[in-house]
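Enquirer: Here is my input; please provide its structure:
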Amino acid sequence: MSKRKSSPISDNTNKRVKPAVEEDVEDENVSNGDQEDPLPNRQVTSLAGIVESITLKNFMCHSHLGPFTFGSNVNFVVGNNGSGKSAVLTALIVALGGNAHATNRGLSLKGFVKEGESSADVSITLRNKGKDAYKPEVYGPAIIVDLRITRDGLRTYKLRSKSGQLVSTKKEELLSILDNFNIQVNNPVSVLTQEMSKYFLHSKGEGDKYKFFMKATQLEQMREDFTYIKTTKHITEDKVGQHSEVRLDLKRKYLEKEDRYKNLASFDEMQTKLEELQKQMAWALVIEMEKELEPMREKLQSDRRSTEKYDEKVDEWKNKLEEAERKYKQIQEQLEGITQQVQELQPKCAELKTVAQRQNTLLKSSEVTVHRCKANLRDLEKDKVQLSSRINDLKLSISQITGAESQAKTERMEQIQAELENMRQKSATLGQQIDQYEHACSRAKEEQGKMRREQEVLQRSIDANRRNLQTMESSRSNRLRRFGEHMPTLLNAIQEAHRKGQLKHKPRGPLGHLISLKDPELALSVEVCLKGQLQAFTCDNHEDERVLQGLMAKVFPTGRRPAIITSQFLPSVHDTRSRGVNHPEYPSVLQALEIEDPVVANCLIDQRGIESILLIKNRTEARRLMQGKNPPRNCNQAFSKEGDQIFNNRSYTAEQTRANYLSGDVEEEIRCYFTQVYFMNMLMLFVYLFQDKITKLQLELTDLQNVEESQSEDLSPLEEDLQEIVTKISSKRAEYDEARTKTAELKASYEKAEQEYKQHKEQINTVAEDADPIKEELSKADQEVMKCKHHKKHYEEKRSAHLRNIQTLQANLESKEQELQTSVAKATEICPERLEVRRTARSLDSEINRLKVKITTQQEQQGDREEVVRQYNEALENYKNMAQQMKNLTSFIKSLSNVMNHRLQVYAELLSARCKYYFDSMLAQRRYTGSMTFDHKNETLSISVQPGQGNKADLSDMRSLSGGERSFSTVCFVLSLWAITEAPFRCLDEFDVYMDMVNRRISMDMMLKVAAGQRFRQFIFLTPQSMSSLPESKNISILRLKDPDRGNNPQRSQDEDQ
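Expert: Presented below is the predicted three-dimensional model:
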């Protein structure tokens, strides 16, 4: 049969065409009537859509029935009248969409609600398995249909899955399920009630049987559909005639608009070209932005890959720093042990040194006394000789005054004058040496901060050198003392003030203490370059500066105080890459220093510009580089290893010869100061001797010049003087001998004390010499730590800068990509399909502007182009639609007429022929003969049946048959209709009510054989018989209902026989 379809005429849906395989199985089972077991136990999968169970509540006269579980093939529902058999069948029809009239039990649904109840409920479970399952992913293996009928006759559905979950409440969903399973409860072949059987099958009218045949095969529905179609066809033909005139009018309007439209051909071409250019323009902008993004993406990927290298570098220098700090700590512990030994020996050494110095002072004083006595004695001897000579000369002069005396005096005066000149030259030489030593001492005192105030007297220079010597010795244990003996006290005061919160930021200083050299040979050049900044302090703000000045006033009550530089503290070192000097061979002062604190580095950069000063060890190379044609960029001056300052056009020699603050060798400084003090003492002694001798020569010269040649002196005073000189000589000689003896004793004491001091000093030096290599290792380790810190900080800063660059690049890329997405979206709106454009956006924009001007000019001349095009397109569309509609309707009407003239007749003849075939086959199983005569014109169906062999008796009408034979013939008629129709289940109510035992048995066997051949279908037979004679089979289920208890609600008793 044809499938049912939704239409305004009927709510029924078309059946599915039964597979040819099933028909063959039916033919085989119909013809093979001698099988012993009508229901062999073969495993056949039942069709989807069979009834698995049904439950009734407050339905008709029953409070509760069920649940009834049905088998997948043959089911018998047996029970006496009133037990609920017909109620089960009625509930099945109503719950599956049937109307009340189809049940023949009432005119409306409200009649099915039990008296006294507000509603009735029916629940049916349909199987949902196999290839024809309906939405198995939603409903599962079964579909539960819950129906509720209210007292007002309203019907509501709830469609649930196997698990009970509600899926839908719409009747359209139920109709879709029924159509999918091909369930037709209004078709008497699917559900045959008692009343329908009495009306059609047991009626004696041939027209009633023909109506039954038409209804069972749905040919009646097809005929009704064709009638409606014919009516609609006539109406459509009338409309087609009316639309012909409208079509001619539309065609005329279309031709008028077409003429105007053709005049705009060139305008349309320009508009089309403009649209194409705008599309190209949109995608050209996208392509240009994509080209801009590509290098940004590559740069971002490259930078992300290089981040790992920075991480590796940072980790590498971090590990090196930890190793260097560990090594530095070990060496420092060793050096502290040796320093502790030296400190333990130092007091005794200082004591011995003091004793030796005291003895040395006494010895020097005694030696000066000896020399003075010796000089006096020598002078007295000379005076004696001179006085004796004068006496003799006077005596001789008195006796004879001749020209020879005058000549002798002249010679003597010349001799004395020459000796005096010689002494003056020696004195001048000694004076120059004294001046040089005084100048050197004054320079040393200026550099150390203690020798500047002692320039006038050489003795004060010696004292300053001694104090410097003591400072250098004390700096062995505390490097801060190089910057002044009060510097540790000042730093402690600063630390205490910062702890108490008097300072916002702790001042840094002295700056020279917070820096270190990478190359110790550059100490003098760096010290000359920085000068006063080495002892200076730096503050963050003026409030901290005032607090620091107050602390300095307490610590430095007199004398000069360190300078204070006020500048805001920054957490990072200034970026000097653009203004700093970067030479491949020689470092700048900034590069030569290890500075951990960025505040100190920034202060020296701001105050001295250390990033633009080169350090070149060789003086000649420095002059050649700085004063050549191409001096280094960003370099304004340079310093040599000796401290010489070289500019582009001039140079200055350094007055300082040693590094006092940045020198790493304290012992060498101490030895230099000690030697200087010793030479100053010796120089003082020589000065005293030369001055005494010069004085005497000047006196003698004066005496000689004042002698008058003609004066005659008295010899008596001269002789008295001579005697006095002899007495003085004796006295001086005794004093000289005493001084020599004392000097010898003091020398012995000094040598002994010096020996003890040297021995103890040698012991200290031995220990100190052991510390020298450790100090060198410590210095190297310290430099290595500073180097590692510098490199670690350098790579951390580079990594941070690199990550910031990546973030910036990522942000820029995201912004650009957002702009690109916006451009792509705009371009897609303009042209959904991407265009590959080779022209630039600028050239396209220029051409678009020119074309817009041209279009505007032509539009002003010809009017609104869009309106003309719109009217033309509208007229064309209307004409085409009307023409196409008329063509389609004409073609459809013609095809429909051909179909309707033949299809109903062909289907009726085909189905009637198949029904005849199956009817004859069914009768043959009881050796009956018969015929079915269809008169489709008069709509009659004549059935003739003759028991016995067909060649022994004539066929007779069914009215001449007995009741059992007529019922058997009716069963054969129903079975033949079953064979040509298709449904998942078939229900038959009291089919054997008019049969005797023999015909009932034969009919039953026939139906069981048909069921055995159609395992995929479900059969439900309702009968008042007990069915105890049925053969045992797993495919047969018997549901026995209890007799009605008029006093109580009927309950179900179900037995299943397999």
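
Enquirer: Under the pLDDT cut-off, which ranges of the stretch 401-550 of the chain? List them.
Expert: Scanning the stretch 401-550 of the chain for pLDDT under 70 picks out the ranges 401-410, 412-413, 417, 419-479.

Enquirer: For it, which segments count as helices?
Expert: Listed in chain order, the helices found in the stretch 401-550 of the chain under DSSP state H, counting those that start in this stretch are 403-448, 458-474, 487-499, 523-530, 542-555.

Enquirer: how many other residues sit next to Cys915?
Expert: 22 (other CB atoms under 10 Å). In short, each C-beta sits where N, CA and C put it, glycine included.

Enquirer: Same question for the one 4 residues further on.
Expert: A total of 23 residues lie near Phe919 under the criterion other CB under 10 Å.

Enquirer: hey, which helix is longest across the chain?
Expert: helix 265-399 (DSSP state H).

Enquirer: That one packs against which elements?
Expert: Using 3 or more CB pairs under 8 Å, 6 or more residues apart in numbering; DSSP states H and E, the elements in contact with helix 265-399 are helix 403-448, helix 666-706, helix 715-830, helix 841-862, helix 865-924.

Enquirer: Just the angle for the longest one relative to helix 265-399, thanks.
Expert: I take that to be helix 715-830. 180 degrees (axes from the mean of the first three to the mean of the last three CA atoms, to 10 degrees).

Enquirer: who does helix 715-830 touch, helix- and strand-wise?
Expert: If you count contacts as 3+ CB pairs under 8 Å, 6+ apart, helix 715-830 packs onto helix 265-399, strand 516-517, strand 593-594.

Enquirer: Can you classify Leu1039 as helix, strand or coil?
Expert: strand (DSSP: H, G, I helix; E, B strand; the rest coil).

Enquirer: Which residues are in contact with Thr489?
Expert: When contacts are counted by CB atoms under 8 Å, 6 or more residues apart in numbering, Thr489 touches Val555.

Enquirer: how much space between it and Ala563?
Expert: Thr489 sits 18 Å away from Ala563, going by CB to CB, to the nearest Å.

Enquirer: Same question for Ala350.
Expert: Relative to Ala563, Ala350 is positioned 34 Å away (CB to CB).

Enquirer: now do Ile391
Expert: Using CB to CB, Ile391 is found at 72 Å from Ala563.

Enquirer: One more: Ala100?
Expert: 116 Å.

Enquirer: So the two - more neighbours on which side?
Expert: Ranked by neighbour count (other CB under 10 Å), Ala100 and Ala563 place Ala100 first, with 20 against 15.

Enquirer: surely the more buried one meets Thr90?
Expert: No. Using CB atoms under 8 Å, Ala100 and Thr90 do not qualify as a contacting pair, with a distance of 9.0 Å.

Enquirer: what sits in contact with each of these two?
Expert: Phe112.

Enquirer: My read is that Arg105 contacts Thr90, right?
Expert: Yes. Counting by CB under 8 Å, Thr90 is a contact partner of Arg105 at 5.2 Å.

Enquirer: Comparing these two, which residue is more hemmed in?
Expert: Thr90 (26 against 18).

Enquirer: Now for the closest residue to the more buried one other than its chain neighbours: which residues touch it?
Expert: Closest residue to Thr90 apart from its sequence neighbours, by CB to CB, 6 or more residues apart in numbering: Thr103 at 4.6 Å. Thr103 is in contact with Leu89, Thr90, Ile93, Val94, Thr193, counting by CB under 8 Å, 6+ apart.

Enquirer: Single out whichever of the residues you listed has the smallest pLDDT.
Expert: Scanning the contacts of Thr103 for pLDDT, the smallest score is found at Thr193, 79.

Enquirer: Who are the contact partners of that residue?
Expert: By CB under 8 Å, 6+ apart, the neighbours of Thr193 are Ser86, Leu89, Thr103, Asn104, Asp989.

Enquirer: can the residues you listed go into CSV with extra columns for distance to Gln184 and secondary structure?
Expert: Below are the contacts of Thr193 laid out as CSV (distance: CB to CB, whole Å; DSSP: H, G, I helix; E, B strand; the rest coil):
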residue, distance to Gln184, secondary structure
Ser86, 19, helix
Leu89, 15, helix
Thr103, 14, helix
Asn104, 16, coil
Asp989, 16, strand
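
Enquirer: what are the ranges of the helices in the stretch 901-1050 of the chain?
Expert: Secondary structure of the stretch 901-1050 of the chain (DSSP H, counting those that start in this stretch): helices located at 963-980, 997-1013.

Enquirer: winner for burial among these?
Expert: Compared across these, helix 963-980 shows the largest average neighbour count, a mean of 23 (mean count of other CB atoms under 10 Å).

Enquirer: residues touching Leu491, list them.
Expert: Contacts of Leu491 by CB under 8 Å, 6+ apart are Leu480.

Enquirer: for Phe919, same thing?
Expert: Gly930, Met932, Ile943, Cys972, Phe973, Ser976.
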